[in-house]
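1. this is a predicted model, with the sequence first.
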Amino acid sequence: MNKIVIIDDHQLFLYGLKLTLENENNVVTTFDNPIKALAEIKNIQPDLILMDLYMPEMNGLAIIEALTEAEIASPVVVLSACEDYLDVHYALQKGAMGFIPKSYAPTDMLNALQTVFTGEIFVPENIRLEIESIASLEEQNKKSFHLSERQIQILQLIYAGKKNREIADELCISKDTVKFHQKGLYTALEVSGSSSRLKAVEKALSIGLLKV
């Protein structure tokens, strides 16, 4: 018997999944609001967290980050009906232990969860191949644009809304050094003008250099 938390804002799916898991002698707690779930999960100490990747109050990637910051070690499996696997790739990079499409039959889902309970990552084979292709394209883009690790760090901090002084403080470098790396970054991404920061972020998102 396992303690399982489900976080999903679709009531019909939420309670259908709850019933399926309870029929397998699991203790299931459900939340239709991720913010409320984050406030209570630590007290529940679940053996597994199942959650929708896309919810209006807070997306799945942000939830995984919040769980990590709160030092909640329960394995996370993301669920989605969407066939855009870029966010699945990012979720796995952030520590998710698996991905299950919402179209899965109950028996297949239960088998997938058993894989996760043994400590292995579960991703359907066809989706795993797509994710590997996404990861390969990301790596190619990094090499194509010849960005240094420092430039990528600065790009990520720009995306996080940091000003140059804040970037300098966070990376323990001078403001002039930040500007130097930004100049190389903008040149590599072929953006210019007064809105270079915004253009750089938009281009980086479009080619997979930044994670949403």
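-> Structure received. Numbering: from 1, shown residues only.
2. go through stretch 54-69 and flag the buried ones.
-> The neighbour-count check on stretch 54-69 (16 or more other Cβ atoms under 10 Å) flags Y54, M55, M58, N59, G60, L61, I63, I64, A66, L67 as buried. Heads up, the C-betas are built off the backbone N, CA and C, glycines and all.
3. I should have written stretch 165-185 there, sorry.
-> Buried residues in stretch 165-185, counting neighbours by 16+ other Cβ under 10 Å, are found at I167, A168, L171, I173, V178, H181, Q182, L185.
4. re earlier: distance to A105 and secondary structure for the buried residues of stretch 54-69 - can I get that in JSON lines?
-> As requested, these are exported to JSON lines (distance: Cβ to Cβ, whole Å; DSSP: H, G, I helix; E, B strand; the rest coil):
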{"residue": "Y54", "distance to A105": "22", "secondary structure": "coil"}
{"residue": "M55", "distance to A105": "24", "secondary structure": "coil"}
{"residue": "M58", "distance to A105": "29", "secondary structure": "coil"}
{"residue": "N59", "distance to A105": "26", "secondary structure": "coil"}
{"residue": "G60", "distance to A105": "22", "secondary structure": "helix"}
{"residue": "L61", "distance to A105": "27", "secondary structure": "helix"}
{"residue": "I63", "distance to A105": "26", "secondary structure": "helix"}
{"residue": "I64", "distance to A105": "26", "secondary structure": "helix"}
{"residue": "A66", "distance to A105": "31", "secondary structure": "helix"}
{"residue": "L67", "distance to A105": "28", "secondary structure": "helix"}
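5. excluding its backbone neighbours, what's nearest A112?
-> Closest residue to A112 apart from its sequence neighbours, by Cβ to Cβ, 6 or more residues apart in numbering: F122 at 4.6 Å.
6. tell me if I'm right that that neighbour and T115 touch.
-> Yes - here F122 lies in contact with T115, judged by Cβ atoms under 8 Å, at a distance of 4.3 Å.
7. and for the two, which residues touch both?
-> Contact criterion Cβ atoms under 8 Å, 6 or more residues apart in numbering; residues shared by F122 and T115: G98.
8. which one of these two has more residues nearby?
-> Neighbour tally, F122 and T115, criterion other Cβ atoms under 10 Å: the higher count belongs to F122, 19 against 15.
9. got the phi/psi numbers for the more buried one?
-> When read as degrees, to the nearest 10, the backbone of F122 gives phi -110, psi 120.
10. which residues sit in contact with it?
-> By Cβ under 8 Å, 6+ apart, the contact list for F122 reads V77, M97, G98, F99, I100, A112, L113, T115, V116.
11. out of these, which comes closest to L198?
-> F99 (31.4 Å; Cβ to Cβ).
12. how about the helices in this structure?
-> In the chain, the segments counted as helices under DSSP state H are 11-22, 34-44, 60-69, 86-93, 106-117, 125-145, 149-159, 164-171, 175-189, 196-206.
13. now, of these, which is deepest in the fold?
-> Using mean count of other Cβ atoms under 10 Å, the stretch among the helices of the chain with the largest mean neighbour count is helix 86-93, at a mean of 20.
14. got the CA positions of that helix in CSV?
-> This file holds the C-alpha atoms of helix 86-93, laid out as CSV (Å, rounded to 0.1, in the frame of the first residue of the first chain):
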residue,chain,number,x,y,z
LEU,A,86,9.5,19.8,-24.8
ASP,A,87,8.1,20.4,-21.4
VAL,A,88,8.3,16.7,-20.6
HIS,A,89,12.0,16.8,-21.4
TYR,A,90,12.4,19.8,-19.1
ALA,A,91,10.4,18.1,-16.3
LEU,A,92,12.7,15.0,-16.5
GLN,A,93,15.7,17.3,-16.4
